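Novice: Structural data only, the sequence is not supplied:
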């Protein structure tokens with residue numbers, strides 16, 4: 001062998017050792033990143049999203065990860081990409097990008113001789129890492145009973161859910177099946193996640209499984225294709241608490257038949273079943289009548305849209321949670337009052353509204369004013385045609401805001417608790433309606449026009465020197481106009 005060939009082989013061997021060492025270093029760094037993610041996210045969330053993430057390579061400032069599904073690829077990139085990159089940069093400051101790719105059934109895997117002869121590395125069939133194909137849908141650690149805002153619109157469903165989660169081991173289920181229905185964003189999925197968390201917390205041996213109908217369908221079809229349907233059925237029938245979400249999407253004759261059999265087995269054996277949908281069981285068009293009958297035979301509870309007090313409580317709880325991450329976060333109460341008044345659809349829209357305000361509070365230099373809030377949530381409120389404002393509307397809003405009665409505003413009482421709201425109501429009547437001073441005075445218990453004129457001037461004077469009062473009046477103005 002010539003001297004040149006010997007040197008070339010020695011160089012190849014050194015390169016191979018270097019690559020092997022780099023691979024070991026990258027593997028060790030990935031292990032540390034995974035440990036930090038597990039500590040931050042908790043065991044359940046980590047196992048749901050990262051148990052099947054592989055490190056493929058590290059080089060040129062790029063970390064290349066692989067996952068078995070397109071869905072998992074998109075979820076990891078959109079929800080955890082920045083955090084993974086930050087953790088990798090703590091290990092290796094040269095990392096500038098995280099790539100996530102989907103693994104295929106066949107891929108090139110270098111064997112032990114590939115380092116010395118990289119061009120001869122064979123193509124080896126590499127199946128996905130083994131994982132529990134019958135695992136449930138991922139649970140969100142934030143969706144617990146503690147973070148659920150209870151009110152008149154959902155108290156029955158909330159208490160029934162807590163009773164189900166806390167049922168003593170071996171006791172016969174009282175509410176079975178428990179069927180929770182509500183429109184979008186009203187908390188039905190939150191309750192199902194909370195039941196699963198609480199049941200596992202109170203009794204770790206209790207097998208609580210949360211499944212969306214979509215995941216149930218995919219798993220069942222896959223089990224039939226792989227000839228493992230019996231294993232699939234046995235695994236589900238061993239569950240102690242089965243939580244099924246989005247029942248309205250259950251389709252397909254065979255899938256519905258299998259679900260009906262599963263439902264019958266679990267209920268007849270005293271296992272707890274909780275189902276959520278966007279409508280009552282009687283209105284589940286396209287669902288097998290036997291399934292609907294079983295649902296109607298259980299406890300059916302609905303969640304309504306949150307009232308004003310509950311919407312305000314939801315916002316307050318979300319702000320408190322946001323301040324744990326950023327103690328300097330400041331959103332004035334008057335802005336929260338406004339959001340609670342005008343975003344009246346569901347809790348999800350409230351979360352969206354608050355997220356926008358938090359973003360502006362953290363990344364803009366100015367304070368969060370009423371004008372800023374109005375612009376930020378304009379699309380959630382919707383475009384409204386200007387409407388004719390009546391003095392009676394103003395009196396109602398002002399009376400509610402100051403916790404007095406409309407009769408108090410019209411009465412002759414002169415206490416400060418009544419006079420100030422009355423003056424503000426008169427001021428708003430003058431600025432928001434075309435009514436004259438005498439007409440307004442007549443609507444406020446037959447007062448003369450000089451009393452109304454005095455009230456308007458007094459409020460203007462006070463608001464000019466009191467920013468808090470000016471914001472309060474602006475809030476009332478926007479509520480009345482909306």
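Specialist: On my side now, so go ahead. On a predicted model such as this, the values are computed, not experimentally measured, just so you know. Numbering: from 1, shown residues only.
Novice: Residue 342 and residue 400, how far apart?
Specialist: 15 Å (Cβ to Cβ, to the nearest Å). C-beta coordinates here come from the backbone N, C-alpha and C atoms, glycine included.
Novice: Please say which of these two ends up with more neighbours.
Specialist: The residue with more neighbours, out of residue 342 and residue 400, is residue 342; 21 against 14, by other Cβ atoms under 10 Å.
Novice: Let me see the ranges of the helices in the stretch 151-300 of the chain.
Specialist: Listed in chain order, the helices of the stretch 151-300 of the chain (DSSP state H, counting those that start in this stretch) span 155-165, 188-202, 213-225, 229-237, 253-268, 289-296.
Novice: okay, those, which one's buried deepest?
Specialist: Stretch with highest mean neighbour count among the helices of the stretch 151-300 of the chain: helix 188-202 (a mean of 22; mean count of other Cβ atoms under 10 Å).
Novice: Quick one: list the elements packing against that helix.
Specialist: Helices and strands touching helix 188-202, by 3 or more Cβ pairs under 8 Å, 6 or more residues apart in numbering; DSSP states H and E, are helix 155-165, strand 178-181, strand 208-212, strand 241-245, strand 272-277.
Novice: Using TSV, lay out those together with distance to residue 455 and mean pLDDT.
Specialist: TSV is the format used below for the helices and strands packed on helix 188-202 (distance: least, Cβ to Cβ, whole Å; pLDDT from 0 to 100):
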stretch	distance to residue 455	mean pLDDT
helix 155-165	41	91
strand 178-181	49	93
strand 208-212	58	89
strand 241-245	55	91
strand 272-277	52	92
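Novice: Using TSV, lay out these together with distance to residue 406.
Specialist: What follows is these, written out as TSV (distance: least, Cβ to Cβ, whole Å):
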stretch	distance to residue 406
helix 155-165	29
strand 178-181	37
strand 208-212	48
strand 241-245	45
strand 272-277	41
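Novice: where does this protein have low pLDDT?
Specialist: Counting by pLDDT under 70, the ranges of the chain that qualify are 1-24, 44, 71, 104-135, 169-171, 382-387.
Novice: Show me it divided up by domain.
Specialist: Split into domains by automatic domain parsing, the chain comes to 3-125, 155-302, 308-381, 391-481.
Novice: just so I know, which of the ones you listed lies nearest residue 141?
Specialist: Closest to residue 141 of the domains of the chain is domain 3-125 (Cβ to Cβ; 5.2 Å).
Novice: Now do the end-to-end distance for stretch 221-241.
Specialist: Distance between the two ends of stretch 221-241: 22 Å, counting by Cα to Cα, to the nearest Å.
Novice: residues in contact with that stretch?
Specialist: Applying Cβ atoms under 8 Å, 6 or more residues apart in numbering, the contact partners of stretch 221-241 are 133-134, 164-165, 195-196, 199, 206-209, 219-220, 242, 255, 258, 261-262, 265-266, 269, 271-274.
Novice: can we see that at 6 Å?
Specialist: 134, 199, 206-209, 262, 265, 271-272 (Cβ atoms under 6 Å, 6 or more residues apart in numbering).
Novice: May I ask which of those has the most neighbours?
Specialist: Going by other Cβ under 10 Å, residue 272 tops the contacts of stretch 221-241 with 26 neighbours.
Novice: Just to check, it is in contact with residue 173?
Specialist: Yes: contact status for residue 272 versus residue 173: in contact at 4.6 Å, counting by Cβ atoms under 6 Å.
Novice: Export the domains of the chain as CSV, with columns for distance to residue 140.
Specialist: CSV is the format used below for the domains of the chain (distance: least, Cβ to Cβ, whole Å):
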stretch, distance to residue 140
domain 3-125, 8
domain 155-302, 6
domain 308-381, 13
domain 391-481, 33
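Novice: closest one to residue 147 among those?
Specialist: It's domain 308-381; of the domains of the chain, that one is closest to residue 147 (Cβ to Cβ) at 7.0 Å.
Novice: which other residues reach the one helix or strand residue 375 maps to?
Specialist: Remark: residue 375 resides in helix 370-376, with elements defined by DSSP states H and E. Here helix 370-376 makes contact (Cβ under 6 Å, 6+ apart) with 335, 338, 356-357, 474.
Novice: quick one on the thing from earlier: got TSV for the helices of the stretch 151-300 of the chain, with distance to residue 466 too?
Specialist: Formatted as TSV, the helices of the stretch 151-300 of the chain follow (distance: least, Cβ to Cβ, whole Å):
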stretch	distance to residue 466
helix 155-165	39
helix 188-202	40
helix 213-225	55
helix 229-237	64
helix 253-268	62
helix 289-296	57
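Novice: Show me the one of those helices that comes nearest residue 419.
Specialist: helix 155-165 (38.0 Å).
Novice: what packs against the closest one?
Specialist: Counting contacts by 3 or more Cβ pairs under 6 Å, 6 or more residues apart in numbering; DSSP states H and E, helix 155-165 packs against strand 178-181, helix 188-202, strand 299-302.
Novice: can you redo those as TSV with distance to residue 462?
Specialist: As requested, the helices and strands packed on helix 155-165 are arranged in TSV below (distance: least, Cβ to Cβ, whole Å):
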stretch	distance to residue 462
strand 178-181	49
helix 188-202	43
strand 299-302	46
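Novice: Can you say which of those is nearest to residue 149?
Specialist: Residue 149 lies closest, by Cβ to Cβ, to one member of those: helix 188-202, at 9.4 Å.
Novice: Which residues does that closest one contact?
Specialist: 139-140, 143-145, 148, 161, 164-165, 180, 182, 206, 208, 210, 241, 243, 245, 276.
Novice: and that helix with strand 241-245, angle?
Specialist: 160 degrees (axes from the mean of the first three to the mean of the last three Cα atoms, to 10 degrees).
Novice: wait, doesn't residue 29 sit right on residue 91?
Specialist: Yes: assessed by Cβ under 6 Å, residue 29 is found in contact with residue 91 at 4.1 Å.
Novice: Right, I'll leave it there.
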